[in-house]
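1. Sequence first, predicted coordinates after that:
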Amino acid sequence: GIQVEQSPPDLILQEGANSTLRCNFSDSVNNLQWFHQNPWGQLINLFYIPSGTKQNGRLSATTVATERYSLLYISSSQTTDSGVYFCAVGNYGQNFVFGPGTRLSVLP
Amino acid sequence: GAVVSQHPSRVICKSGTSVKIECRSLDFQATTMFWYRQFPKQSLMLMATSNEGSKATYEQGVEKDKFLINHASLTLSTLTVTSAHPEDSSFYICSSYSRGPGTSGVETQYFGPGTRLLVL
């Protein structure tokens, strides 16, 4: 099956800093989403991005499908950005395979 | 956007009892729903795929007689944890997908808010 890796596993930032999270996947997929899991467990969909680049406020994401990786950029981080960020990949009509996540802590 | 709800949000039960978790698609028809389980500080792992009107497909290592899945309508799938034990304590999340209009419509997966199960 598809393998998904994420790096780094843990990240501690000072408020205001920028960061880049990486997701590598082992096979071609037509569905890739980035999620933020808040402290209550809710998965917040950040981006649907099987290819290309998207931006939403302080967050942006880029997926290079031919090289099987995706990047999530967080700029001017805030304490509310803390939590776990998951990359999930799959194909239409099928389940997602989740990466192990990156645990982000933003300190005031 | 599409919304998936789950009920209950958290449940505490005694060992040996059964617990039912409901997953509903509120504004779209979900012929397929997925059930995931997440242990503390770990990622989400697929347990089973629930198909409306047919038997669920379980992942390797997941006991189908212990985790009963029923998908009787296009908007509701239920997961029943039978004879729950403390090792079943976990965060259970369901999801489904909705596709945008047209033949090239974008398909996005939507996740329920999760159910936190604690078995004493």
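-> Structure's in. What do you need?
2. What residues does chain A have near chain B?
-> A:31, A:33, A:35, A:40-43, A:45, A:48, A:86, A:88, A:90, A:92-93, A:95-101 (C-beta under 8 Å from any C-beta of the partner chain). Any C-beta I mention is one placed from the backbone N, CA and C, and that applies to glycine too.
3. Mind doing that once more with 10 Å?
-> With C-beta under 10 Å from any C-beta of the partner chain as the criterion, chain A meets chain B at residues A:1, A:4, A:6, A:30-31, A:33, A:35, A:37, A:40-45, A:48, A:50, A:84, A:86, A:88, A:90-101, A:103.
4. Report the buried members of these.
-> Buried members of the residues of chain A next to chain B, scored by 16 or more other C-beta atoms under 10 Å in any protein chain shown, are A:4, A:6, A:31, A:33, A:35, A:37, A:41-43, A:50, A:84, A:86, A:88, A:90-91, A:94-101, A:103.
5. Keep only those of those that are in strands.
-> Using DSSP state E, A:4, A:6, A:31, A:33, A:35, A:37, A:43, A:84, A:86, A:88, A:90, A:97-98, A:103 are the members of these that sit in strands.
6. Which pair of these spans the longest distance?
-> Maximum pairwise distance in these, criterion C-beta to C-beta, is 23.9 Å, between A:31 and A:103.
7. Next, the contact list for residue 16, please.
-> I'll assume chain A. A:75-78, A:106, A:108 (C-beta atoms under 10 Å, 6 or more residues apart in numbering or on different chains).
8. nope, chain B please
-> Contacts for residue B:16 (C-beta under 10 Å, 6+ apart) come out as B:82-85, B:119.
9. and the gap between it and chain A?
-> Note on residue B:16: its distance to chain A, by C-beta to the nearest C-beta, to the nearest Å, is 26 Å.
10. For that residue, which three-state class applies?
-> Three-state assignment for residue B:16 (DSSP: H, G, I helix; E, B strand; the rest coil): coil.
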